[in-house]
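**Student:** take a look and give me a structure for this.
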Amino acid sequence: MAKPFDQVVRDRIAPVAKDAGYTKKGRLFIREDERGDRAVLEARQHRLGQHDAEFFLDVHVQPRIWRDYLTQDGGDTHAGIWSDRLRPPGQRAGGMSDLWSFDLADEASGRVLSEAVAAALPALVRLLDADNLLPLVRAKNAATGRPSATVAALLCTQGPSEELEALLSTLEQEDPDERPGFDMPAYVGFLRAWMADHAPTQR
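**Tutor:** This next block holds a predicted model:
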């Protein structure tokens, strides 16, 4: 017999995700577009022992360029260039407010979950358009005060531009101590090579 959490994934999330064009892979639901960019919903169990099913729902947007960079040595990953968490409706940020927690017999909570997933998945697909995703990635990076390596990757998917070239040049000249253990010249080299092979021409 399936565990309560897996029953919720099977009965409350999987049918909705399938209707939205997502493919189930374990506790991941993935939709890939014609460019190879992926929208991902991840269900992650987090047991507190208060209810039958307790879990987080994480969403990831993974442009192909990002996956290609992360998997240069082989394998696969669902890590996103941008990620967020789907919070139960009506919950304020903070504490464990982003934890879904209810019993299998709680039909009302099950319906709320299905409805929330149904609303979130099409919105996630819209973020596969770099023009829609860029503002979110820029905002996420703003607090660091550093040139954004993730913004650079997204700009590469749109082809050469003055903004991109300026950003890549800045990243190439960055002090290695800014990001210890990260080979920025190799990263920039990867982006340039990827853009030459995949991206549109001059905007």
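**Student:** switch to C-alpha atoms for all contacts and neighbour counts from now on
**Tutor:** Will do.
**Student:** hmm, residue 102 is touching residue 55, no?
**Tutor:** No. Residue 102 lies out of contact with residue 55 (Cα atoms under 8 Å); the separation is 9.5 Å.
**Student:** residues in contact with the longest helix along the chain?
**Tutor:** Counting by DSSP state H, the longest helix found in the chain is helix 107-126. Helix 107-126 has contacts (Cα atoms under 8 Å, 6 or more residues apart in numbering) with 8, 12-13, 16-17, 20, 31, 39, 41, 59, 61, 86, 88-89, 102, 104, 132.
**Student:** pLDDT of that helix, averaged?
**Tutor:** Across helix 107-126, the average pLDDT comes to 97.
**Student:** spatially central residue in this protein, please.
**Tutor:** Against the mean C-alpha coordinate of the chain, by Cα atoms, centre = their mean, the closest residue is residue 60 at 1.5 Å.
**Student:** note down every partner strand of the strand ranked longest in the chain and its orientation.
**Tutor:** Counting residues, the longest strand found in the chain (DSSP state E) is strand 53-62. Looking at strand 53-62 with DSSP bridges, its partner strands are strand 38-45 (antiparallel), strand 82-85 (antiparallel), strand 100-102 (antiparallel).
**Student:** render the CA-only coordinates of stretch 113-128 in PDB, please.
**Tutor:** Written as PDB, here are the backbone C-alpha positions of stretch 113-128 (Å, rounded to 0.1, in the frame of the first residue of the first chain):
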ATOM      1  CA  LEU A 113      -4.100  21.400  -3.100                       C
ATOM      2  CA  SER A 114      -5.300  20.200  -6.600                       C
ATOM      3  CA  GLU A 115      -6.700  23.700  -7.300                       C
ATOM      4  CA  ALA A 116      -3.500  25.400  -6.200                       C
ATOM      5  CA  VAL A 117      -1.400  23.100  -8.400                       C
ATOM      6  CA  ALA A 118      -3.800  23.600 -11.400                       C
ATOM      7  CA  ALA A 119      -3.400  27.400 -11.100                       C
ATOM      8  CA  ALA A 120       0.400  27.300 -10.600                       C
ATOM      9  CA  LEU A 121       1.500  25.000 -13.400                       C
ATOM     10  CA  PRO A 122       0.400  27.100 -16.400                       C
ATOM     11  CA  ALA A 123       2.000  30.200 -14.800                       C
ATOM     12  CA  LEU A 124       5.200  28.300 -14.500                       C
ATOM     13  CA  VAL A 125       5.200  27.400 -18.200                       C
ATOM     14  CA  ARG A 126       4.900  31.100 -19.000                       C
ATOM     15  CA  LEU A 127       8.300  31.600 -17.300                       C
ATOM     16  CA  LEU A 128       9.900  29.400 -19.900                       C
END
